[in-house]
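Novice: Would you be able to build a 3D model of this:
(2 chains)
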Amino acid sequence: MKHRNWFWGIFFLAAALFIVVGQTTQFLAVGFWSVAATVLLAAVILSSLPDGNFFGIFVPAALLYLIYRAPLHWPAISPWLLLLAAVLASLGCGMIFHGGRWHHHHGEGGWHGEGNPFSRSEENVEGNDVFVKSSFSESCKYLHSDCLKNARLVSSFGKMSVYFDQVRLSPDGAEAQVESSFGEMVLYLPKAWQVVDRVRAGFGAVNNDVREASPAADAPKLTLTGSVSFGNLEIRYI
Amino acid sequence: MKVRIERAEGLNEPEVLIRCSRVDESVRKIQQFVLEQSGRGPEITFYKQNREYYFPLDDVLFFETEGEHIYAHTADDAYLIRYRLYELERMLPRNFVRAAKSAVVNVRRIYSITRNLASSSLIRFAGSHKQVYVSRYYYKELRQRLKERGIHEA
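Specialist: Have a look, this model is predicted:
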């Protein structure tokens, strides 16, 4: 999370500049709220870029188009159609560019030589590199790994519950990468684990009530990464 | 209805005789119930990490396929089983019923069903956080078995 500092620094400087320039010159006839919306949307886009979250790029871009369509005399498109196009474009890009995007996230572990589990497309609930996927449906997945290293959990347009209570983590810790879009995902994690939540939520929410957890000092560590867009991720401690 | 219990020497197993003037619904139910009691259910061995476990079948909430393996889920644990799901379906007592392509559920342990008209309905079990979805295809049969459960336990 080191890049956050200079990112937000540059972001706020740019926002300040944008406001001053916007108010002093007559280049753009935009009001205060448009400026505020622009700043927010730009923030969403910029923060979505590094982890290849296409929903976070295309949808704000479509909204920006709607804001600047009139002042810049761009061609008119119906807002709903534009949003639909943005969603479709995100889905398409998500499918095409998936394999290559996630690699730079993962620095730990010695499994790089064994082929990259994150580029897999087949479901695999056995073993210690787990990949679970569900779309347009509801499902409950019970994992049974005895030395879990990586888990990739993908859910779109559906509800997925993943149970980790039968799982034993690798002593070096494990990483679970969550990708939830237009859906709901519920993770059932043992209370005793140390859970590090690094999931990004764009137009979505992560409910992680850490008060329920009571991690032991020497407990194995599970790092949650990935993103939630237009959806909900809930973490329950059992 | 008169109920008599007679002791007879020289019988290998108990024999139940129902005497009636005509066979109606209640007689059939008695027959079915008796048959189920006599079939004690298969002996299933549960495996977990090089250990074999033996416990009553009724502790199992549901059986589920996960990849190539079949797991028996109890309220807070899961064990491996050396049978295929369709084999289980055949050999298990009537209170176990198919709920989805990948699951066989113990209707005696069902606590609630959240009905979802559009897709699968959600089953919860008493005293456990575990859940299973029942697909629309198997829902009717499941309801039927749930009703039978009420009759047997009454």
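
Novice: Three-state assignment for residue B:122, please.
Specialist: Recorded secondary structure, residue B:122: strand (DSSP: H, G, I helix; E, B strand; the rest coil).

Novice: State the pLDDT value of it.
Specialist: Model confidence at residue B:122, given as pLDDT, is 92.

Novice: Next: the one 3 residues further on.
Specialist: pLDDT for residue B:125: 93.

Novice: near chain B, which residues of chain A show up?
Specialist: A:124-126, A:137-142, A:144, A:146, A:161, A:163, A:165-166, A:188, A:236, A:238 (CB under 8 Å from any CB of the partner chain). Every residue, glycine included, has its C-beta placed from N, CA and C.

Novice: ok, which residues in chain B are in contact with chain A?
Specialist: B:49, B:64, B:66-69, B:71, B:73, B:76-78, B:116, B:119-120, B:122, B:129-133.

Novice: out of those, which are buried?
Specialist: Those of the residues of chain B next to chain A that meet the buried threshold are B:64, B:66, B:71, B:73, B:78, B:120, B:122, B:130, B:131, B:132, B:133, by 16 or more other CB atoms under 10 Å in any protein chain shown.

Novice: which strands and helices sit next to the helix of greatest length in chain B?
Specialist: Ranked by residue count under DSSP state H, the longest helix found in chain B is helix B:136-153. In terms of contacts (3 or more CB pairs under 8 Å, 6 or more residues apart in numbering or on different chains; DSSP states H and E), helix B:136-153 is packed against helix B:25-38, strand B:96-100.

Novice: I'd like to know how many residues surround the residue lying closest to residue B:34 once chain neighbours are set aside.
Specialist: Distance criterion CB to CB, 6 or more residues apart in numbering or on different chains; nearest residue to residue B:34, sequence neighbours excluded, is residue B:16 at 5.1 Å. By the criterion of other CB atoms under 10 Å in any protein chain shown, residue B:16 has 10 neighbours.

Novice: Also residue A:75?
Specialist: Neighbours of residue A:75 using other CB under 10 Å come to 6.

Novice: Next, find the distance separating the spatially closest residue to it that is not a sequence neighbour from residue A:57.
Specialist: Once its chain neighbours are removed from consideration, residue A:75 has its nearest residue in residue A:69; the separation is 7.8 Å (CB to CB, 6+ apart). Counting by CB to CB, to the nearest Å, the gap from residue A:69 to residue A:57 is 19 Å.

Novice: Might you report the residue contacts of the residue in chain B that chain A sits nearest to?
Specialist: Each residue of chain B has a distance to chain A, by CB to the nearest CB, and the smallest belongs to residue B:67, at 4.3 Å. Neighbour list for residue B:67: A:124, A:125, A:126 [criterion: CB atoms under 8 Å, 6 or more residues apart in numbering or on different chains].

Novice: from those, which would you call buried?
Specialist: residue A:125.

Novice: I'd like the contacts of residue B:67 as TSV, with pLDDT appended.
Specialist: What follows is the contacts of residue B:67, written out as TSV (pLDDT from 0 to 100):
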residue	pLDDT
A:124	78
A:125	78
A:126	78
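
Novice: Give the next helix or strand downstream of the worst-scoring helix or strand of chain A on mean pLDDT.
Specialist: For chain A, using mean pLDDT, DSSP states H and E, the weakest element among its helices and strands is helix A:98-101, scoring a mean of 48. Tracing the chain C-terminally past helix A:98-101 and defining elements by DSSP states H and E, one meets strand A:129-135 next.

Novice: May I see the domains of chain A written out as residue ranges?
Specialist: Chain A resolves into domains spanning A:3-98, A:123-237 when parsed by automatic domain parsing.

Novice: what's the most buried one of these?
Specialist: With neighbours taken as mean count of other CB atoms under 10 Å in any protein chain shown, the domains of chain A reach their highest mean count in domain A:123-237, at a mean of 19.

Novice: mind listing what whatever residue of chain A ends up closest to chain B touches?
Specialist: Taking CB to the nearest CB, chain B has its nearest neighbour within chain A at residue A:126, 4.3 Å off. The neighbours of residue A:126, taking CB under 8 Å, 6+ apart as the test, are A:144, A:145, B:66, B:67, B:68, B:69.

Novice: Select, from these, the two members most distant in space.
Specialist: Of all pairs drawn from those, the one with the largest separation by CB to CB is A:145 and B:68; the distance is 14.5 Å.
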